[in-house]
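Peer 1: generate a structure from the sequence data that follows.
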Amino acid sequence: MKKLISIFFLITGLITIFEFRDDIINVFYWFGSLEAITASMEHAGIWGPIVLFILFVLQVFLAFIPGQALMIACGYLYGFWGGFVISWVSLVVGGEIAYLLARHYGRPFAEKWIAPSVLERWNKAAAGQGITFFALSLVMPLVPNDAMCYVAGLGTIRRIHFSIANALGRGLACVITSAAGAFGGSISWQGWVILVGIFVITGIAWHFGRQNRSYILIA
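Peer 2: This is a model prediction of the structure:
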């Protein structure tokens with residue numbers, strides 16, 4: 001009986017996807033297009049920041065929502081400070097929710113949103129780590145930033161320490177993306193050098209932090 005029910009829902013789901021395939025494609029296009037996002041938020045008027053807040057929180061759980069595109073759109077629509085505040089507060093709230101849910105419900109819950117292989121890899125990397133590690137992990141472009149909130153919830157880092165790391169890491173990421181959205185082509189080459197330099201310094205700190213951690217564990 002359970003198999004028949006599962007088959008029924010599978011067939012129903014496939015038919016639904018086929019019938020609404022154009023709408024689904026448009027949704028994915030919207031999330032991948034900075035122009036489409038900004039146009040929609042401008043049309044939303046005063047509701048735009050609320051919509052963006054909801055999307056930022058959701059993107060911690062739904063991987064197909066591109067947080068970076070939303071962060072840049074925030075800076076473009078609301079200026080540097082407005083974009084920074086909206087994206088920073090939203091991402092911090094989303095990260096705290098993910099941390100608390102992972103801490104309360106454990107790995108089975110986290111694996112519903114993050115691939116088990118990703119959790120396993122970064123759980124090992126984050127073992128025994130503190131504020132600096134998690135703050136940097138929420139900035140580095142090649143690290144699964146949102147997944148690190150679940151990793152923290154499953155690990156040993158205290159709530160207050162994660163909250164500090166969450167605020168610092170998300171804050172630095174939002175500074176960079178809000179500046180890119182607000183100033184875009186008007187940023188001088190010196191400004192771009194500074195932004196790139198921030199990423200380089202962050203990457204160096206990340207690298208040496210992990211190296212030192214590995215040395216301590218081996219010793």
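Peer 1: ok, then the element right after the longest helix seen in the chain?
Peer 2: Longest helix in the chain by number of residues, with DSSP state H as the criterion: helix 67-105. Scanning forward in sequence from helix 67-105, with DSSP states H and E defining helices and strands, the next element found is helix 107-110.
Peer 1: just to revisit the earlier point, elements contacting the longest helix of the chain?
Peer 2: Helices and strands touching helix 67-105, by 3 or more C-beta pairs under 8 Å, 6 or more residues apart in numbering; DSSP states H and E, are helix 34-44, helix 48-59, helix 107-110, helix 145-154, helix 159-183. For the C-beta atoms, the positions are set from N, CA and C on the backbone; glycine is no exception.
Peer 1: okay, these, which one's buried deepest?
Peer 2: With neighbours defined as mean count of other C-beta atoms under 10 Å, these peak in mean count at helix 145-154, which reaches a mean of 26.
Peer 1: average pLDDT across that helix?
Peer 2: The pLDDT scores in helix 145-154 average 92.
Peer 1: tilt between it and helix 48-59?
Peer 2: Helix 145-154 and helix 48-59 meet at an angle of 60 degrees, taking axes from the mean of the first three to the mean of the last three C-alpha atoms, to 10 degrees as the criterion.
Peer 1: would you mind writing the CA trace of helix 145-154 as PDB?
Peer 2: C-alpha atoms of helix 145-154 as PDB (Å, rounded to 0.1, in the frame of the first residue of the first chain):
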ATOM      1  CA  ASN A 145      28.500  29.400   3.500                       C
ATOM      2  CA  ASP A 146      25.000  28.500   4.400                       C
ATOM      3  CA  ALA A 147      25.900  24.900   5.100                       C
ATOM      4  CA  MET A 148      28.400  26.100   7.700                       C
ATOM      5  CA  CYS A 149      25.400  27.300   9.900                       C
ATOM      6  CA  TYR A 150      24.200  23.700  10.000                       C
ATOM      7  CA  VAL A 151      27.800  22.500  10.600                       C
ATOM      8  CA  ALA A 152      28.000  24.900  13.600                       C
ATOM      9  CA  GLY A 153      24.700  23.700  15.000                       C
ATOM     10  CA  LEU A 154      25.900  20.100  14.800                       C
END
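Peer 1: can you list contacts of it?
Peer 2: Contact with helix 145-154 is made by 59-60, 63, 67, 94-96, 98-103, 106-107, 110, 113-114, 118-119, 122-123, 126, 134, 137-139, 162, 165-166, 169, 173, as judged by C-beta atoms under 8 Å, 6 or more residues apart in numbering.
Peer 1: again with stretch 98-117
Peer 2: Contacting residues not belonging to stretch 98-117 are listed as 60-61, 63, 119, 144, 146-147, 149-154, 159, 162, 166 [C-beta under 8 Å, 6+ apart].
Peer 1: Ser87: which of these is nearest?
Peer 2: Proximity to Ser87 was ranked across the contacts of stretch 98-117 by C-beta to C-beta; first place goes to Val60, at 12.5 Å.
Peer 1: what is the burial count for the closest residue in space to the closest one that isn't next to it in sequence?
Peer 2: In space, and not counting its chain neighbours, Val60 is closest to Gly94: 3.7 Å by C-beta to C-beta, 6 or more residues apart in numbering. By the other C-beta atoms under 10 Å criterion, the neighbourhood of Gly94 contains 24 residues.
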